[in-house]
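In: structure for this input, please:
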Amino acid sequence: VNPIAGRGGHGYLLARLIRLLRAEGISVARTNTPVDPLGQALRQRIDPAADVVIAAGGDGTVRQVINALLPRRTPVLILPLGTENIVAKELEIRPEPRAALAALRAGRLQPMDVADCNGRHFLIVSGVGFDAVVVNRLMPTRASHITHADYFWPIWRTFFSYAFPAIEVEVDGRCIFSGRGLAFVGNCARYSIGLRILSRARFDDGLLDVCIYRCAGRIALLRHSWRTVLGRHLVAPDVTYRRGRSIRIRSPERVPIELDGDPAGCLPACYSIQPSAAVMLLPPPGVCRQTIPRR
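Out: All right, here's what the predicted structure looks like:
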């Protein structure tokens, strides 16, 4: 459980799920996720004999659970309580305790690829440059629940101060880009606020996708942003899109990177993919579509 996930106020969902599970005779052990992106501390708290691990929180919580479990393939059931919940949306999982219970009764297992960056696992996307600076500026405020509005000032400050450093991108041993730009590497088509930067990505195809925006200034950034909102960025001549199993990005300057919305150091970055390394437990199709009223 991540007690500060999303906007807050989700405690009733978690409490209801625990009541439902215990009423079914299911043994439940609850632990809060420690501040540990690599999952090492959480690894010590998860019972090795557990049949299922429920990740109650946002995308950072899911990533932390996956990091703690690997290389074990214990099924993970998501109760999405975060701000974005990108993994849950990609898997069509809703924050409904009855759907979670249905998944435990008669759910289906969905293998999911796990991406790796410099030895750290992630599931969605890694941003190189601009959005990583935004994430680093947001982190000091992350002592409590956050909303999309909390990103406004970090984005605004970064927009007027970012220097657009040069990067070099290599896919499966071949250099495909060199120049000033932004890069996104990942495993899922979805990104923040519904954008689909890696629109051709699939979480179970054994490949990484990379999208590179050639960008040297604010006007170009605005142009790229508008095309991405419209879903037309991949046809732009100053956008490069490739797929591969190994991706390397380097820069002569200090360029930060982020993984699934959390800071992850700076370039150079070496990305790889572990096909079907994680297993997600999903509810049966069409189960519990109605919203549970808040109590």
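
In: name the residues of the lowest-mean-pLDDT helix or strand in the chain that are buried.
Out: Within the chain, no helix or strand scores below helix 40-45, which has a mean of 85 by mean pLDDT, DSSP states H and E. Judged by neighbour count using 16 or more other CB atoms under 10 Å, the buried positions of helix 40-45 are L42, R43. To be clear about C-beta, it is placed using only N, CA and C from the backbone, and glycine gets the same treatment.

In: which SSE is immediately downstream of it?
Out: strand 53-57 (DSSP states H and E).

In: counting by contacts, list what that following strand packs against.
Out: Judged by 3 or more CB pairs under 8 Å, 6 or more residues apart in numbering; DSSP states H and E, the packing partners of strand 53-57 are helix 11-23, helix 59-69, strand 76-80.

In: of these, which approaches L42 most closely?
Out: Among the helices and strands packed on strand 53-57, the nearest to L42 by CB to CB is helix 59-69 (4.0 Å).

In: list the contacts of the closest one.
Out: Contact partners of helix 59-69, identified using CB atoms under 8 Å, 6 or more residues apart in numbering, comprise 1-2, 5, 33, 36-40, 42-43, 46, 53, 55, 76, 78, 82, 84-88, 114, 120-124, 259-262, 278.

In: mind doing that once more with 6 Å?
Out: For helix 59-69, the external contacting residues (CB atoms under 6 Å, 6 or more residues apart in numbering) are 2, 33, 38-39, 42-43, 46, 53, 55, 76, 78, 82, 84, 86-87, 121-123, 260, 262, 278.

In: V125 reaches G186, doesn't it?
Out: Yes - contact criterion CB atoms under 6 Å: V125 and G186 qualify, at 3.3 Å.

In: would you mind measuring from P111 to A50?
Out: 19 Å (CB to CB, to the nearest Å).
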